[in-house]
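Have a look; sequence and predicted model below, questions after that.
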Amino acid sequence: MSFRILVVDDEAAQRSVLSRFLESEGYTVDQAESAEQALRQLENESADLIISDMKMNGMSGLDFLKQLRERDPLIPFLMITAFSNVSDAVDVLKSGASDYLTKPVNLAELAIRLKKELDRKIIMEENRNLREEVLTHSTGETMITRSPKMNGILNTAARAARTNVPVLILGESGTGKELLARTIHSLSPRQRKPFVPVNCASLNAGVLESELFGHEKGAFTGAVSVRTGRFETASGGSLFLDEIGDIPMEVQVKLLRVLQEKEIERVGGNKRVPVDFRLICATNRNLEEAMEAGRFREDLFYRINVITLSLPPLRERKEDLPGLIEHFLESWARQYGISVQGFSSAAYRKLLQYNYPGNIRELNNIIQRAVVLARGDTIENIELEGAAADSAGDEDFSGTLPEAVRNLEKRMIMQALEESSGIQLHAARVLGISERNLRYKMEKYRIPGKGDRKP
Ligand SMILES: Nc1ncnc2c1ncn2[C@@H]1O[C@H](COP(=O)(O)OP(=O)(O)OP(=O)(O)O)[C@@H](O)[C@H]1O
Ligand SMILES: [Mg+2]
């Protein structure tokens, strides 16, 4: 692929000398006889570098450069000037030219400067790609914690990451098992290679097997083409077997063989393919119990369980709450473009007191909801049950109509009281009913008033 260079000059002779020279150097050349035309051309065809004369009829080279920089701050730009006056040259560079050459143009000199600019462009682009790669690899997510126990775990994880030993991550649902697995991968020498997650719980034995091992064309009905399995996709990288406790017995045998032999056979094939992956497993089940019940192979357990990391539930590391709350608040507010600053003290207290059966995932959901529903800078209302249920936001339409109406009434009243810090007059206004009517309904639904509530 050759670089594309746009030559802008209102003098035809000069333009064609430059163009012929550049073509002889192997570049692809476009020409424009004015800055205006160049700007139009650039709308349709981009260039890798622009060479422009300074003094032209119509828009000057300097104005051209200024306009161009508004659209594209990075494209290399060589200005050709008639002067050798230093202060004018400084002006040109200040306006964003990469370099300048004085007339008459020395072609050998031009070739050198050009090459320098293009090399720089390549390096800049490589750096940008690299940055993007790093971001996507680490998913930009960091584990937030100040719990000593968690820090101990992260320490072990970082040391294990340098080696190739299998890691088993245990913990309740939502404690950050997958995030930890990704962190280990991104701290490992395999960081630039794929991280391949497989959820073993959601697939039956047959599907899981062809997912992991891949299959040859025609291996079974429906296998219309060759499929590369995850063991192979993870080549050079890490394979994350999530919910390993749910893997069917017949697949367990095969997995064990892969771990012993570091080779696989695609389903329906007979070729043995060497595989190279780092294994990270996770489960929220008790594998010892599963082994006793005969649902998990002991030999497999010892293979995958070289380093074990047990993530404590959130309720056992409440010191992590403030950091996590702030982190999730900021990231949801940014994502939705909503300017929420923080929580009312009642709402914050509620967040700190809750015990999070769904752990960090639940906390994240709760904050997401609160940010979406926020009515101002401060979040006053925290809905705990709604977030705990999986179907956050879905209304439950079961039961009779009067039951549903009563439910809705009760919830609206509770929300209004919450938002007006228990001041019944305010809550009644929000609801559009009289204060007396509100008190009547609160009694009916057994909603405690401010004075009756626990602090
Ligand atoms: N220490 C942490 N700091 C910041 N975010 C976290 C932390 N731990 C978990 N999270 C976030 O909480 C959510 C749940 O984490 P993750 O999916 O890793 O949990 P899990 O244990 O795999 O859950 P499950 O068992 O439900 O699959 C994710 O959005 C994750 O990014
Ligand atoms: Mg998970």
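Nice, I can see it. Numbering: from 1, shown residues only. Ligands and ions are numbered 1, 2, ... in the order given.

Compute the number of surrounding residues for the residue of the stretch 151-300 of the chain found nearest ligand 1.
Taking C-beta to the nearest ligand atom, ligand 1 has its nearest neighbour within the stretch 151-300 of the chain at G176, 2.7 Å off. Heads up, the C-betas are built off the backbone N, CA and C, glycines and all. G176 has 24 neighbouring residues, counting by other C-beta atoms under 10 Å.

Kindly report the same for the one 3 residues further on.
Burial measure for L179: 17 neighbouring residues, criterion other C-beta under 10 Å.

Would you confirm that R315 belongs to a strand?
No. Secondary structure of R315 (DSSP: H, G, I helix; E, B strand; the rest coil): helix, not part of a strand.

Tell me who's in contact with it.
Neighbour list for R315: 355-356 [criterion: C-beta atoms under 8 Å, 6 or more residues apart in numbering].

State the distance from it to I169.
R315 sits 19 Å away from I169, taking C-beta to C-beta, to the nearest Å as the criterion.

Then K149?
15 Å.

Comparing the two, which shows the higher neighbour count?
More crowded of K149 and I169, by other C-beta under 10 Å: I169, with 27 against 15.

quick one: the helices in the stretch 151-300 of the chain?
177-187, 205-213, 230-233, 249-261, 287-292, 298-304 (DSSP state H, counting those that start in this stretch).

Please name the strands paired to the helix or strand hosting M79 in the sheet, noting orientation.
Element membership for M79, per DSSP states H and E: strand 77-81. Strand pairing for strand 77-81, determined by DSSP bridges: strand 49-53 (parallel), strand 99-102 (parallel).

can you tell me how far P322 sits from ligand 1?
Look at P322 and ligand 1: by C-beta to the nearest ligand atom, to the nearest Å, they are 12 Å apart.

which residue sits closest to that residue in space, ignoring its chain neighbours?
Taking C-beta to C-beta, 6 or more residues apart in numbering, and ignoring the residues beside it in sequence, P322 has L352 as its nearest neighbour in space, at 8.0 Å.

now T183
Of all residues not flanking T183 in the chain, M143 sits nearest, at 5.8 Å (C-beta to C-beta, 6+ apart).

Backbone torsions only: list them for that neighbour.
The phi/psi pair for M143 (degrees, to the nearest 10) reads phi -80, psi 120.

So it versus ligand 1, what's the distance?
Distance from M143 to ligand 1, counting by C-beta to the nearest ligand atom: 4 Å.

okay, now that residue: neighbour count?
M143 is flanked by 18 other residues according to other C-beta under 10 Å.

Which residues of this structure lie near ligand 1?
Listed as neighbours of ligand 1 in the chain under the rule C-beta under 6 Å from any ligand atom: 141, 143-145, 171, 173-179, 284, 324, 327, 360-361, 364.

Can you flag the buried ones in those residues?
Neighbour counting by 16 or more other C-beta atoms under 10 Å classes 143-145, 171, 174-179, 284, 324, 327, 360-361, 364 among these as buried.

Now for those residues: which two are most distant?
Pairwise distances across these (C-beta to C-beta) peak at 23.0 Å, for the pair N284 and H327.

tell me which helix or strand of the chain sits lowest on mean pLDDT?
Here the helix or strand of the chain ranked lowest by mean pLDDT, DSSP states H and E is helix 384-388, holding a mean of 56.

Now the helix or strand just after it: buried residues?
Remark: after helix 384-388, the chain's next helix or strand is helix 401-419, criterion DSSP H and E. For helix 401-419, the buried set under the neighbour-count rule, 16+ other C-beta under 10 Å, comprises 410, 413-419.

and if you look at stretch 110-130?
Neighbour counts over stretch 110-130 (16+ other C-beta under 10 Å) mark 110, 113-114, 117-118, 121 as buried.

Specify which member of these is nearest to ligand 1.
Distances from ligand 1 to those, taken by C-beta to the nearest ligand atom, are shortest for K121, at 36.5 Å.

dump the residue contacts of the closest one.
K121 makes contacts with 48-49, 74, 76, as judged by C-beta under 8 Å, 6+ apart.

Next one: the residue nearest to T183 from R15, what distance?
Here the criterion is C-beta to C-beta. By it, M143 lies 59 Å from R15.

Kindly report the same for M79.
Relative to R15, M79 is positioned 15 Å away (C-beta to C-beta).

Who has more neighbours out of these two?
M79 (25 against 19).

related to what we said a few turns ago, nearest to I264, out of the buried residues of helix 401-419: which one, please.
Among the buried residues of helix 401-419, and counting by C-beta to C-beta, the member closest to I264 is Q415, at 55.5 Å.

quick one: contacts for the closest one?
The contact partners of Q415, by C-beta under 8 Å, 6+ apart, come to N381.

do R406 as well
Y445.

Buried deepest among the strands paired with strand 77-81, which one?
strand 49-53 (a mean of 24; mean count of other C-beta atoms under 10 Å).

what comes into contact with it?
Residues external to strand 49-53 that are found in contact with it (C-beta under 8 Å, 6+ apart): 3-11, 14, 18, 35, 38, 61, 64-65, 68, 75-80, 110, 114, 117-118, 121.
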